[in-house]
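Colleague: coords below, sequence missing:
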């Protein structure tokens with residue numbers, strides 16, 4: 001088997017979604033893949049059995065790990081404000097155990113908010 005073209009994950013997902021469907025009227029479909037480290041988006045136009053990829057883009061700085069980091073930064077800032085201590089951030093970032101706990105809690109919160 002010789003590959004003719006490699007397509008990204010959202011495009012493959014859109015094709016899989018529409019492979020057995022007939023679209024009577026033109027339909028614009030947006031499919032995104034939000035992974036741990038990237039977000040990929042594909043926009044397709046589907047009509048009858050025809051698929052046309054209009055655009056496919058990705059952002060390597062927008063993914064689950066980036067959300068975790070934003071949550072961690074937010075909680076560090078909140079701790080600084082509530083404790084009134086500017087040294088809180090430095091203490092947390094220099095304490096591997098505290099940093100690991102904060103990272104674990106941020107991941108848990110993100111998953112809880114996802115459902």
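Modeller: Thanks, I have it. Please read these numbers as outputs of a predicted model, since none were measured by experiment.

Colleague: mean confidence (pLDDT) on the longest strand anywhere in the chain, please.
Modeller: Scanning the chain for the strand with the most residues, using DSSP state E, yields strand 23-34. Across strand 23-34, pLDDT averages out at 85.

Colleague: residues contacting stretch 51-66, please?
Modeller: 8, 10-11, 14-15, 18, 28, 34-46, 110 (Cβ atoms under 8 Å, 6 or more residues apart in numbering). Placement of C-beta: from N, CA and C, glycine included.

Colleague: distance check, residue 72 against residue 25.
Modeller: Separation of residue 72 from residue 25 (Cβ to Cβ, to the nearest Å): 46 Å.

Colleague: what about those two, which has more around it?
Modeller: Neighbours were tallied for residue 72 and for residue 25 using other Cβ atoms under 10 Å; the higher tally belongs to residue 72 (18 against 7).

Colleague: now do the same contact list for the more buried one.
Modeller: For residue 72, counting by Cβ under 8 Å, 6+ apart, the contacting residues are 102, 103, 106.

Colleague: name the helices or strands packed onto the host helix or strand of the first one?
Modeller: The one in question is residue 102. Of the helices and strands defined by DSSP states H and E, residue 102 is found in helix 96-114. Judged by 3 or more Cβ pairs under 8 Å, 6 or more residues apart in numbering; DSSP states H and E, the packing partners of helix 96-114 are helix 64-83, helix 88-93.
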